[in-house]
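**Q** sequence and predicted structure below; questions after.
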Amino acid sequence: DLKQAKISVGFFQDYRTVEDSWEQMKPILETKFLTLLPKILRVTGVRDFSMIHIRRGDYEKNRGTYGILSLEYYTRIIPKLEYPIVISTDDQKYILKLQHQFPNALVVGPNQLSAWESLALMAAAQEVVAANSTLSWWAAYYVVKSGRTSYLPEPWFKRIDSQGPNLFFPGVLKNESQFE
């Protein structure tokens, strides 16, 4: 309904910009997530799980600037996680390595889930360990706003000085970055 439309201007990983529109965006996201919930439950097999998002894909070309978080970034935080682990990545070729590195985790990639389904999967988690990714950031934000736990990497990028003053929102936990 265009009469109720709202335009927000600002950086899409600035929690103040998102917060300003959250009451309008939250029901839209939740409606979309609910339509995807049956598939998510089929994929995970459990309702309560911890989610790790590993972004590689197009970051391979920009690894010197954006940086790809190392597996150590993720393995350091695993002892803090309370639920079975599900890992989502955008790099189908990386799945075998992840399955070997994390034999007790369920690993899914882009051949199993669309971007929307990956976002909904992260949003359904009890805990999210985010990558330096917009998709991860939005999932982490949603999870924290829902009263659950999320971790964001700090620093966000490997070689970019400015990560935006409002990247880290109230309630999110910081996980020290380690890049490949």
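**A** The structure has been received and is ready for your questions.
**Q** residues contacting the most centrally placed residue in the chain?
**A** Nearest to the mean C-alpha position of the chain, by CA atoms, centre = their mean, lies residue 136 at 2.2 Å. By CB atoms under 8 Å, 6 or more residues apart in numbering, the residues touching residue 136 are 53, 55, 122, 128, 130, 152. Bear in mind the C-beta positions are built from the backbone N, C-alpha and C, glycine included.
**Q** residue 175 versus that one, what's the distance?
**A** Using CB to CB, to the nearest Å, residue 136 is found at 11 Å from residue 175.
**Q** need the overlap of contacts for the two.
**A** residue 152.
**Q** need the contacts of residue 136 in a markdown table with pLDDT, can you?
**A** Below are these laid out as a markdown table (pLDDT from 0 to 100):
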| residue | pLDDT |
| --- | --- |
| 53 | 98 |
| 55 | 95 |
| 122 | 97 |
| 128 | 98 |
| 130 | 98 |
| 152 | 97 |
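**Q** now do the strands in this structure.
**A** Here the chain has its strands, by DSSP state E, at 50-54, 85-89, 106-108, 127-129, 149-154, 173-176.
**Q** of these, which is nearest residue 17?
**A** In terms of CB to CB, the element of those nearest to residue 17 is strand 149-154, at 16.3 Å.
**Q** packing partners for that closest one?
**A** strand 127-129, helix 134-145, strand 173-176 (3 or more CB pairs under 8 Å, 6 or more residues apart in numbering; DSSP states H and E).
**Q** pick the most buried one from the ones you listed.
**A** Among the helices and strands packed on strand 149-154, strand 127-129 has the highest mean neighbour count (mean count of other CB atoms under 10 Å), at a mean of 27.
**Q** for that strand, which strands pair with it and how are they oriented?
**A** Partners of strand 127-129 in the sheet, by DSSP bridges, are strand 50-54 (parallel), strand 149-154 (parallel).
**Q** I am finished for the moment; much appreciated.
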